[in-house]
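Visitor: here is my input; please provide its structure:
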Amino acid sequence: MLFLGFSAGLPLLLILGTLSFWLREAGIDRSTIGYLTWVGLIYAFKWMWAPLVDRLQIPLLTKLFGRRRSWLLFAQALIVIGLVGMSSVDPKLELNMVVWCALLVAFGSATQDIALDAFRIESANSDHQAALAATYQTGYRLALIWAGAGVLWLAARAEAGSGTYDPGAWQFAYLCMAASIGVGVLTTLLSKEPARVDLPKARNAKAWLHQTLIEPFAEFIHRYRWLAILILSLIAVYRISDVVMGIMANPFYVDMGYTKDEVAAVSKVFGVIMTLVGAFIGGVLTLRFGVLRILFLGAVLSALSNLLFAWLATQGHDLQGLIWVISVDNLSSGIASAAFIAFLSALTNIRYSATQYALFSSMMLLIPKWLAGFSGVFVDSFGYPAFFYGTAIIGAPVLLLIWATIHFKVVQIKKDSD
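Guide: This next block holds a predicted model:
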């Protein structure tokens, strides 16, 4: 889970956060960078092909490696091809090509997420999902550091030294990221295929479509009844503060005068430490106090960390302030993510693990990614401090939804027991 989490986390920043740093340094305007966030909407629609990952065999690969590992290898190949493509062009001259390659990486990454979530859920019972989620999250967060700070450090080392924009340095860094996907490929090859969960065989094409597309979603609605609306609403907005804020973080660093080395050093040293601490704390607290209570804590901490970015925006080039803000942000994000993954995993029926988990994680991104597309326009109109304050405020409804989920879930359990 540590190494597969690394493979899952690597592509995300390379087509969103880190790419926005590259684009801003290349002179691309903030509004365009914001709109390019919509590349990430592919993740929000992965539920559409998740049923195929649950049931469809890949010729030759499935026979050699099994259902889950074959899809993992296929997805990882798409990611490598897309990253190699991004490393071969300059967005200042060929922005459209960068977008197409980013779309390929996003599709491959979303497919890898589908297969990996099912692989994780099928590899252990529900009692161990929180521990697996924490380990997975640690690998995922380490990948975010490598895809963020690591890329900046590599690009800074490869620069010609003129102090101006050097596309070759970024291209070298992205080629190194393509090679880093080898961690996931090797882990997949060496891992054991989880025990296969046999699904009912369809009598005809209509029955297959019903079992593939309808049953996974109908089963969830039937299981939770009216509470399903509340749960899905919570999933849809839980990470809204982080996602909307995140796309403008790197353009913010560039505009505030922070160098690639400064951002990389702060993220690598303090970010890694606080990420590991946050993931560990999130996993332990979830086991001790329950998922929903730690979800609430994570939501509060995420909003507060965004307020710190608003403060940082008024300080100018403040390296010590950057250290504190990134440290707190990584700590809160680690706690929230560990609890959220455990929450989603607990909602999933193992018979439809890939499809249902893809539905949940897709809903998590749809509204935030769409809203994040306008982040550049907002910053241009109102400035960074107002933007960061706004991202904290839009997280307030999450607290009400978590409270309602805790309350009504207890009510339903008592009613069912009666």
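Visitor: so who does the residue nearest to residue 25 when sequence neighbours are not counted touch?
Guide: Spatially, and ignoring its direct neighbours in sequence, residue 25 is nearest to residue 165 (5.5 Å; C-beta to C-beta, 6 or more residues apart in numbering). Every C-beta, even on glycine, is put in place using the N, C-alpha and C of the backbone. Counting by C-beta atoms under 8 Å, 6 or more residues apart in numbering, residue 165 touches 25, 26, 27, 92.
Visitor: got it, and residue 28?
Guide: 91, 92, 95.
Visitor: wouldn't the first one be in contact with residue 21 here?
Guide: Same thing as residue 91. No: using C-beta atoms under 8 Å, residue 91 is not in contact with residue 21; the gap is 11.4 Å.
Visitor: which one of the two has more residues nearby?
Guide: Between residue 91 and residue 21, counting by other C-beta atoms under 10 Å, residue 21 is the more crowded of the two (25 against 22).
Visitor: roughly how far does the closest residue to that one other than its chain neighbours sit from residue 231?
Guide: Spatially, and ignoring its direct neighbours in sequence, residue 21 is nearest to residue 250 (3.7 Å; C-beta to C-beta, 6+ apart). Distance, residue 250 to residue 231, using C-beta to C-beta, to the nearest Å: 33 Å.
Visitor: where does the stretch 1-150 of the chain have low pLDDT?
Guide: 125-127 (pLDDT under 70).
Visitor: could you pull out the helices for it?
Guide: 2-15, 17-25, 30-35, 41-44, 50-55, 61-65, 67-86, 95-122, 129-145 (DSSP state H, counting those that start in this stretch).
Visitor: export these to CSV and tack on distance to residue 388?
Guide: Output for the helices of the stretch 1-150 of the chain, formatted as CSV (distance: least, C-beta to C-beta, whole Å):
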stretch, distance to residue 388
helix 2-15, 19
helix 17-25, 15
helix 30-35, 14
helix 41-44, 23
helix 50-55, 34
helix 61-65, 45
helix 67-86, 29
helix 95-122, 25
helix 129-145, 20
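Visitor: what angle sits between the helix or strand hosting residue 155 and helix 17-25?
Guide: Counting by DSSP states H and E, the element that carries residue 155 is helix 151-158. Calculated by axes from the mean of the first three to the mean of the last three C-alpha atoms, to 10 degrees, helix 151-158 forms an angle of 50 degrees with helix 17-25.
Visitor: going forward, begin numbering at 426 instead of 1
Guide: Taking 426 as the first residue, the last one we looked at is helix 576-583.
Visitor: same question for the following helix or strand past helix 576-583: list its buried residues.
Guide: Using DSSP H and E, the helix or strand that follows helix 576-583 in sequence is helix 592-605. Buried positions in helix 592-605, judged by neighbour count with 16 or more other C-beta atoms under 10 Å: 592, 594, 595, 596, 597, 598, 599, 600, 601, 602, 603, 605.
Visitor: what's the angle between helix 592-605 and helix 442-450?
Guide: Using the same axes, to 10 degrees: helix 592-605 against helix 442-450 is 170 degrees.
Visitor: run the chain-centre distance for helix 592-605.
Guide: Taking C-alpha atoms, centre = their mean, to the nearest Å, the mean C-alpha location of helix 592-605 is offset from the chain mean by 21 Å.
Visitor: how many residues are close by the residue nearest to residue 712 when sequence neighbours are not counted?
Guide: Setting aside the residues directly before and after it, residue 712 is nearest to residue 555 in space (C-beta to C-beta, 6+ apart), at 5.4 Å. Residues near residue 555, counting by other C-beta under 10 Å, number 25.
Visitor: residues touching residue 555, list them.
Guide: Applying C-beta under 8 Å, 6+ apart, the residues contacting residue 555 are 708, 711, 712, 716, 763, 767.
Visitor: just the buried residues from the residues you listed, in ChimeraX please.
Guide: Listed next is the ChimeraX selection for buried residues among these, using 16+ other C-beta under 10 Å:
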select :708,711,716,763,767
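Visitor: next step: the contacts of residue 555 restricted to helices.
Guide: Of these, the ones assigned to helices by DSSP state H are 708, 711, 712, 716, 763, 767.
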